[in-house]
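Asker: Give the three-dimensional model of this entry:
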Amino acid sequence: MTDAPPPPGDVAAPRRLGRGVALAIGAVVLLFIVGLAGYALAGRGDDDDGAAAEPTAAPATTTTTTEAPDPEDDGQPDPPAHSVGDPYAPDSGATGYDATHYDIAFRYDPEAGTIDGVTTMTAVADVDLDHFSVDLLALDVSEVMVDGEPAEFDVDGRDVRIQPAAPIAEGEEFESEIAYVGVPEPVISAGFPTGWLTTDDGGAYVIGEPDGAATWFPSNDHPSDKATVDLEVTVPRGWTVAGNGDFAGRERVGGDVTWTWQEDDPIATYLVTVAIDHFRIVEEETESGLPLVSFYPEADADRLEGDFADADDMIEAFEEVFGPYPFDEYGAIVVPVDTGLALETQTRSTFGIDVAGIEQFRSHELAHQWFGDSLTPTRWSDIWLSEGFASYAEMLWFDASNPAYDIDVDAENRRDSIVGVDEEPILDPGVDRWFAEAVYQRGGLTLHALRRTVGDEDFFTILQRWTLEHEHQNVTTDEFIALAEEVSGQDLDAFFTDWLEADEIPALP
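Answerer: Predicted coordinates for the structure are as follows:
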């Protein structure tokens, strides 16, 4: 990746790079400076004794319910399965229950690279359960408890298959507590490393998309099952821990410090994050009072503070077109390694040091807080609902911030960049094109074409109703098309078929 943003009007798509494989990424690049009121931290995240001022504890968690994608409807409840049946991630997730909350607690040893933890999943049974499973990869499970009673279990690939001491009735809430230990390692998924990653000096960070949550905590690792999360990480004194949501405190015991984070809005497992390093914590807030708290490598913190200074303006610009920002805080985690990518980890985007200065990435990842994080596709085949929307948001930001920018010229340039190169269908693009450039660029152009078709008033009404009516929910393409037709009063079936499913990209209307 280049160190400077592409010139407005001739903007190249951000790309994900993983083990020599370059994949289009405009979607996974997040942003700026998230906050916790009362954090009152100036300088590094650790003071002379490794301590930092602590903000007020976060409010109590809430829960949500979601459904696995496209279940067979034969009039009878489906038996629990060890996969949700998503062909993009065929071994991921499970059915039979809805996870509503995770308590993730572990100690990380930077020298050994080990984690030793316990994750408690609260869930509701969708059917009568005499067994169920969670995803966990390459970590040793020592014990499983269900509702306080020891449960039998076995491990098969990424599945921990659990048989509780007593069956769980349909509709009943239950807790499974899983103790595990080991050295977490990333997996290659969609062509790049995903999950738990480490730095040369013992630091660690998470890039969880698409199915890397299972590399560090047991979960129903599929975006169709969102839940709230509490994260409690113990590290040696002097290390800083960043996570999602609100900072809920730190406790020092001997030579260790335990950091606690709470995300009280539903979150997909691939967007749950943790980063452990020697960070400077920068606390700010927008003019409207939204906390912005970010974590920067100390050596680059001054430069990065300048790079992310546009966060307030970006949030304001996006609120005008998308509606209110959907979370209680925002910010950035910048890891001290070149990654070639960034990820829209909820409330606090994660960037490699090599891409954090790119304005296009920052706007793209911020937009994902609406599209991808708050509104999460039920199926990976609808990935354009995340990546296409965030790619069009880049264009909306340049249009709002640069008087010399011409959005129509940029749209034609983006179309030209994929014509004859990568213009195949983007609705259910296929596993080999999961993060293809067309998913980003053609997805964004679909929205620009819709805007030209229905007019600005209806178009922005569609966007704002879409974000407000589906806030913190899972969504599908059919739902978006239905809303667009309702608002515009037009039959848009042919339009969306041409733009999402045709082999060739249409001309802009």
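
Asker: okay, CA-based contacts and neighbour counts for the rest of this
Answerer: OK.

Asker: tell me which residues in the helix or strand harbouring residue 387 are buried?
Answerer: Per DSSP states H and E, residue 387 falls inside helix 384-401. By neighbour count with 16 or more other CA atoms under 10 Å, helix 384-401 contains the buried residues 384-399.

Asker: Just the closest of the residues you listed to residue 339, please.
Answerer: Distances from residue 339 to the buried residues of helix 384-401, taken as CA to CA, are shortest for residue 387 (18.9 Å).

Asker: any idea how far that closest one lies from residue 238?
Answerer: The spacing between residue 387 and residue 238, counted by CA to CA, to the nearest Å, is 37 Å.

Asker: do residue 255 as well
Answerer: Distance, residue 255 to residue 238, using CA to CA: 9 Å.

Asker: now residue 203
Answerer: Using CA to CA, residue 203 is found at 12 Å from residue 238.

Asker: who's more crowded, those two?
Answerer: Between residue 203 and residue 238, residue 203 has the larger neighbour count (other CA atoms under 10 Å), namely 22 against 19.

Asker: OK, contacts around the more buried one?
Answerer: The neighbours of residue 203, taking CA atoms under 8 Å, 6 or more residues apart in numbering as the test, are 110, 275-277.

Asker: Nearest to residue 140 among those?
Answerer: Distances from residue 140 to these, taken as CA to CA, are shortest for residue 110 (18.5 Å).

Asker: how does this structure divide up, domain by domain?
Answerer: Using automatic domain parsing, the domains assigned to the chain come out as 28-368, 376-501.

Asker: Skipping its backbone neighbours, what lies nearest residue 396 in space?
Answerer: residue 407 (7.7 Å; CA to CA, 6 or more residues apart in numbering).

Asker: I should have written residue 275 there, sorry.
Answerer: Closest to residue 275 by CA to CA, 6+ apart is residue 205, at 4.1 Å.

Asker: pretty sure that neighbour is touching residue 243, no?
Answerer: No. Under the criterion of CA atoms under 8 Å, residue 205 is not in contact with residue 243, lying 9.8 Å apart.

Asker: Which of the two has more residues huddled nearby?
Answerer: Shown here are residue 205 and residue 243; by other CA under 10 Å, residue 243 has more neighbours (29 against 22).

Asker: distance of that one from residue 420?
Answerer: Distance check for residue 243 against residue 420: by CA to CA, it reads 42 Å.

Asker: related to what we said a few turns ago, pull up the overlap in contacts between residue 205 and residue 243.
Answerer: Common neighbours of residue 205 and residue 243 (criterion: CA under 8 Å, 6+ apart): 273-275.

Asker: where does the stretch 301-450 of the chain dip in pLDDT?
Answerer: Applying pLDDT under 70 to the stretch 301-450 of the chain flags no residue at all.

Asker: Show me the helices in it, by range?
Answerer: With helices called from DSSP state H, counting those that start in this stretch, the stretch 301-450 of the chain shows them at 301-307, 311-322, 359-368, 384-401, 407-418, 437-454.

Asker: who touches the last one?
Answerer: Residues outside helix 437-454 that contact it (CA under 8 Å, 6+ apart): 13, 15, 23-27, 383-385, 387-393, 411, 414-415, 418, 422-426, 429, 458-459, 488, 496, 499-500, 505, 508-509.

Asker: and the angle for it with helix 407-418?
Answerer: Helix 437-454 runs at 140 degrees relative to helix 407-418, counting by axes from the mean of the first three to the mean of the last three CA atoms, to 10 degrees.

Asker: what separates helix 437-454 from the chain centre, distance-wise?
Answerer: How far helix 437-454 lies from its chain's middle: 22 Å, per CA atoms, centre = their mean, to the nearest Å.

Asker: next helix or strand past that helix?
Answerer: helix 456-469.

Asker: tilt between that following helix and helix 437-454?
Answerer: Per the same axes, to 10 degrees, the angle that helix 456-469 makes with helix 437-454 is 120 degrees.

Asker: how far does stretch 462-477 sit from the chain's center?
Answerer: With CA atoms, centre = their mean, you get 16 Å for stretch 462-477.

Asker: Next, the buried residues of it.
Answerer: In terms of neighbour count (16+ other CA under 10 Å), stretch 462-477 has its buried residues at 462-468, 471-477.

Asker: got it, and stretch 163-179?
Answerer: For stretch 163-179, the neighbour count (16+ other CA under 10 Å) marks 163-165, 168, 173-179 as buried.

Asker: what sits up against that stretch?
Answerer: For stretch 163-179, contacts defined as CA under 8 Å, 6+ apart pick out 116-132, 141-153, 218.

Asker: give me that answer again for 7 Å
Answerer: With CA atoms under 7 Å, 6 or more residues apart in numbering as the test, stretch 163-179 has contacts from 117-132, 141-147, 149-153.

Asker: and if you look at stretch 233-246?
Answerer: By CA under 7 Å, 6+ apart, the list of residues contacting stretch 233-246 from outside reads 36, 45-46, 50, 58, 105-109, 255-263, 272-279, 329, 346-348.

Asker: Surely residue 506 touches residue 497?
Answerer: No. Residue 506 lies out of contact with residue 497 (CA atoms under 7 Å); the separation is 10.4 Å.

Asker: Mind checking which of the two has more residues around it?
Answerer: The neighbour count for residue 506 versus residue 497, taken as other CA under 10 Å, is higher for residue 506 (18 against 12).

Asker: Pass me the low-pLDDT residue ranges in the protein, would you?
Answerer: The model of the chain has pLDDT under 70 over residues 1-77.

Asker: How about the contacts made by the spatially most central residue of it?
Answerer: Centroid check for the chain by CA atoms, centre = their mean gives residue 271 as the closest residue, at 3.0 Å. By CA under 7 Å, 6+ apart, residue 271 lies in contact with 208, 344-346.

Asker: Likewise for residue 93?
Answerer: By CA under 7 Å, 6+ apart, the contact list for residue 93 reads 82-84, 134-135, 220-222.

Asker: sorry, back to before: which one of the contacts of residue 271 sits closest to residue 364?
Answerer: Distances from residue 364 to those, taken by CA to CA, are shortest for residue 344, at 8.6 Å.

Asker: neighbours of that closest one, just the number please.
Answerer: For residue 344, the neighbour count with other CA under 10 Å is 32.

Asker: same check, this time on residue 445
Answerer: For residue 445, the count of nearby residues is 28 (other CA under 10 Å).

Asker: got it, and the one 4 residues further on?
Answerer: Look at residue 449: counted by other CA under 10 Å, it has 19 neighbours.

Asker: repeat for the one 10 residues further on
Answerer: The number of residues packed near residue 459 is 20, by other CA under 10 Å.

Asker: What of residue 267?
Answerer: Neighbour tally, residue 267, other CA under 10 Å: 29.

Asker: same thing with residue 191?
Answerer: The number of residues packed near residue 191 is 18, by other CA under 10 Å.

Asker: Likewise for the one 3 residues further on?
Answerer: Neighbour count for residue 194, taken as other CA under 10 Å: 24.

Asker: Numbering from 50 from now on, please.
Answerer: In the new numbering, first residue 50, that becomes residue 243.
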